[in-house]
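K.L.:
Starting from these lines, generate the structure:
(chains A and B)
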Amino acid sequence: MRELLAQAWAIAAKDLLLEFRSRTAFLSALVFTALVLAIFNFARDPTAVSAVDLAPSVLWITFSFAGVFGLNRAFALEKENRAIDGLLLSPASRTALYLGKTAANLVLVGAVEAIALPLFALFFNVPLLDVLGPLVLVIALATIGFVAVGTLMSSMAVNTRFGEMLLLVLVLPFLVTPVSAGAEMTAKMFALRPFAEWAPWLKLLIAYDITFVVLCTLVFEFTLEE
Amino acid sequence: MTAIPTAERALKRSGIWMAIGLLLVAAVYVRALAFTPEEATQGLAQKIFYVHAPSAWVAFLAFGVVGICSAIYLFVKDPRLDLLAASSAEVGTVFTTVVLVTGPIWGKTIWGAWWTWDARLTSTLFLYFIYLAYLVLRSAVEEPGRRGRYSAVLGILGALLVPFIHVSVYLFRTLHPMPVVLRPGKPELPGSMLLTLLSSFAVFTVFYVALLARRYAWARLVDARAQREADRADASR
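P.N.:
Numbers count the residues shown, from 1 in each chain, chains lettered A, B, ... in the order given. As a prediction, the model looks like this:
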């Protein structure tokens, strides 16, 4: 177990170091997210719909775009010069490879979200500080769910024709549960509803995370060459 | 070299199943339209129920078959299971299309809206999206072994996603008619309607099996012919 985590960490650290040196994926995901947030402001009628009613949907649509946007990077990186062969020949297990890739994606998406969240509060004028703790928890849970599925799918999509387009078709259906749970809970939080009202959504989201993290870890090896 | 005649015979046999399935479907409609009483409040619109509900059952059953075949395929790597899952996905897509077309026709008459974001409508719509993603993924991978593994992975994940989507949407308020057969207590439907409904479920299941058998036999034949071409190419080299 410790060895598995050490190997996963080594792979995640390698990916993050590569990303830290170029910062291409991170910066483009960040600018993209800021752009989506800004464009939403022009896509609504401020006299008809108040910002705080629209805010939860905007937040979750933006985050899901941001999440999917960076996913392609993880395995496209290894495809160049067939670097994936090197990883498969290394003593690291395939489970460690999946966990490492997922962890690196989580850090990247998390970093984008950490910057986008204050920006969202600024643009949409929502009382962020009152609900910060629970909101961060919900964002973290939802992000874990869709990054786990997305990392698995990107490992397949990278080996197909039109992989980037296909990745969206594969991942978006899996976003329904995390995004709808996230948006519902966010709306209830902003409306200052009691916890009991959004507890069922939280349970659903946790069940989703457990199911798909376990399942994706188990089936990941089948997406690699034998 | 016996693969091709065997596959051809299987394809012919599946034609018999198709004929039986089609006859049964026709018989159930004669019963539904002529020998089943009209529903008191919904009138003729309710007749669509005998197409809609059994198609929905088959749509979900077919994806269940995809999920199970996919899971076993990953362990035994038998290409026949992959072909069976792919055939079931194609047939399931057709039935899901029927559900999504007949539902709004009924909804417009009874609810006054073509579409609502209710639990069952949404889970069926997303079932459709997963079916389409599955078929697109298959078309995007050339090499059969890899295509089998990839689509099996998606098949398993998709089969588990459907209940999650259902619960997600169920937490919103639902408009869809509540179950009338499989519910606590006695079925709510009057006897003759219940009989028509249950026979339409049985008939649609038979029809699904017939279509599945035919699609599968055809896929086997295509494979056998491709194998023969490959063998000939090898021999002439």
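K.L.:
neighbours around A:Val49, how many?
P.N.:
Applying other CB atoms under 10 Å in any protein chain shown, we find 10 other residues in the vicinity of A:Val49. All C-beta spots, glycine's among them, are computed from the backbone N, C-alpha and C.
K.L.:
tell me the SS of it?
P.N.:
Using DSSP: H, G, I helix; E, B strand; the rest coil as the criterion, the local structure at A:Val49 reads coil.
K.L.:
just the helices in chain A please.
P.N.:
For chain A, the helices defined by DSSP state H occupy A:2-22, A:24-42, A:51-79, A:83-89, A:94-124, A:132-157, A:163-171, A:176-190, A:195-219.
K.L.:
what do you get for chain B?
P.N.:
Across chain B, reading from the start of the chain, the helices by DSSP H fall at B:3-34, B:49-76, B:79-110, B:119-140, B:144-170, B:191-236.
K.L.:
Show me what the first one is packed up against.
P.N.:
Contact analysis of helix B:3-34 by 3 or more CB pairs under 8 Å, 6 or more residues apart in numbering or on different chains; DSSP states H and E lists helix B:49-76, helix B:191-236 as its packing neighbours.
K.L.:
still on that earlier bit, want to throw the helices of chain B into TSV with distance to A:Ala92?
P.N.:
As requested, these are arranged in TSV below (distance: least, CB to CB, whole Å):
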stretch	distance to A:Ala92
helix B:3-34	42
helix B:49-76	22
helix B:79-110	29
helix B:119-140	27
helix B:144-170	21
helix B:191-236	37
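K.L.:
Mind putting the ones you listed into TSV with mean pLDDT?
P.N.:
Written out in TSV, the entries for these read as follows (pLDDT from 0 to 100):
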stretch	mean pLDDT
helix B:3-34	87
helix B:49-76	92
helix B:79-110	91
helix B:119-140	89
helix B:144-170	89
helix B:191-236	88
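K.L.:
out of those helices, which comes closest to A:Thr151?
P.N.:
Proximity of the helices of chain B to A:Thr151 was assessed by CB to CB; the nearest stretch is helix B:144-170, lying at 12.5 Å.
K.L.:
tilt between the closest one and helix B:79-110?
P.N.:
In this structure, helix B:144-170 runs at an angle of 30 degrees to helix B:79-110, with axes from the mean of the first three to the mean of the last three CA atoms, to 10 degrees as the basis.
K.L.:
Skipping adjacent residues, who's closest to the closest residue to chain A within chain B in space?
P.N.:
For chain B and chain A, the shortest gap (CB to the nearest CB) falls at B:Ala140, measuring 4.0 Å. Spatial nearest neighbour of B:Ala140, chain neighbours left out: A:Thr160 (4.0 Å); criterion: CB to CB, 6 or more residues apart in numbering or on different chains.
K.L.:
Pull the number of nearby residues for the one you found.
P.N.:
Other residues within reach of A:Thr160 by the criterion other CB under 10 Å amount to 22.
K.L.:
For it, grab phi and psi.
P.N.:
Main-chain torsions, A:Thr160, degrees, to the nearest 10: phi -120, psi 170.
K.L.:
Next, work out how far apart the residue nearest to the spatial centre of chain B and B:Leu132 are.
P.N.:
When chain B is reduced to its mean C-alpha position, the nearest residue by CA atoms, centre = their mean turns out to be B:Gly92, at 2.6 Å. Counting by CB to CB, to the nearest Å, the separation of B:Gly92 from B:Leu132 is 11 Å.
K.L.:
and if you look at A:Leu224?
P.N.:
Remark: distance between A:Leu224 and B:Leu132 (CB to CB) = 25 Å.
K.L.:
Looking at those two, which is more packed in?
P.N.:
Regarding A:Leu224 and B:Leu132, a neighbour count based on other CB under 10 Å identifies A:Leu224 as having more, with 18 against 15.
K.L.:
Would you enumerate the residues in contact with the closest residue to chain B within chain A?
P.N.:
When distances are taken as CB to the nearest CB, chain A reaches nearest to chain B at A:Thr160, 4.0 Å away. Contacts of A:Thr160 were listed using CB atoms under 8 Å, 6 or more residues apart in numbering or on different chains, and they are A:166, B:137, B:140-141, B:150.
K.L.:
A:Pro173 now?
P.N.:
Contacts for A:Pro173 (CB under 8 Å, 6+ apart) come out as B:126, B:129-130, B:133, B:158, B:161, B:165.
K.L.:
need these in a markdown table with neighbour count and distance to B:Glu8, can you?
P.N.:
Converted to a markdown table, the contacts of A:Pro173 look like this (neighbours: other CB atoms under 10 Å in any protein chain shown; distance: CB to CB, whole Å):
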| residue | neighbour count | distance to B:Glu8 |
| --- | --- | --- |
| B:Phe126 | 23 | 38 |
| B:Phe129 | 18 | 36 |
| B:Ile130 | 27 | 33 |
| B:Ala133 | 22 | 33 |
| B:Gly158 | 25 | 33 |
| B:Leu161 | 25 | 38 |
| B:Ile165 | 23 | 41 |
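K.L.:
out of these, which touch chain A?
P.N.:
Within the set of these, contact with chain A (CB under 8 Å from any CB of the partner chain) is found for B:126, B:129-130, B:133, B:158, B:161, B:165.
K.L.:
Greatest separation within those residues: which pair is it?
P.N.:
The largest distance within the ones next to chain A among the contacts of A:Pro173, taken as CB to CB, falls between B:Ala133 and B:Ile165 and amounts to 13.5 Å.
K.L.:
Nearest residue to the middle of chain A?
P.N.:
Centre-most residue of chain A, counting by CA atoms, centre = their mean: A:Gly67, 3.7 Å.
K.L.:
ok, residue 223 - how many residues close by?
P.N.:
Let's take chain A. 23.
K.L.:
not quite, I wanted chain B
P.N.:
B:Asp223 sits with 17 neighbouring residues when counted by other CB under 10 Å.
K.L.:
which residue packs closest to it, ignoring adjacent ones?
P.N.:
Spatial nearest neighbour of B:Asp223, excluding adjacent residues (CB to CB, 6+ apart): B:Leu83 at 7.2 Å.
K.L.:
how much space between that neighbour and B:Leu212?
P.N.:
In this view, B:Leu83 and B:Leu212 are 11 Å apart by CB to CB.
K.L.:
before we move on, what about B:Tyr128?
P.N.:
B:Tyr128 sits at a distance of 18 Å from B:Leu212 (criterion: CB to CB).
K.L.:
do the same with A:Leu117
P.N.:
A:Leu117 is 49 Å from B:Leu212, where distance means CB to CB.
K.L.:
More neighbours: which of the two?
P.N.:
Just comparing A:Leu117 and B:Leu212: by other CB under 10 Å the higher neighbour count belongs to B:Leu212, 21 against 18.
K.L.:
circling back: you'd agree the residue of chain B closest to chain A is up against A:Glu164?
P.N.:
No: judged on CB atoms under 8 Å, B:Ala140 makes no contact with A:Glu164 at a distance of 11.6 Å.
K.L.:
which of the two has more neighbours?
P.N.:
For B:Ala140 versus A:Glu164, the count of surrounding residues by other CB under 10 Å is larger for B:Ala140: 20 against 14.
K.L.:
Tell me how many other residues crowd A:Ala48.
P.N.:
Here the neighbour count serves as a burial measure; for A:Ala48 (other CB under 10 Å) it reads 7.
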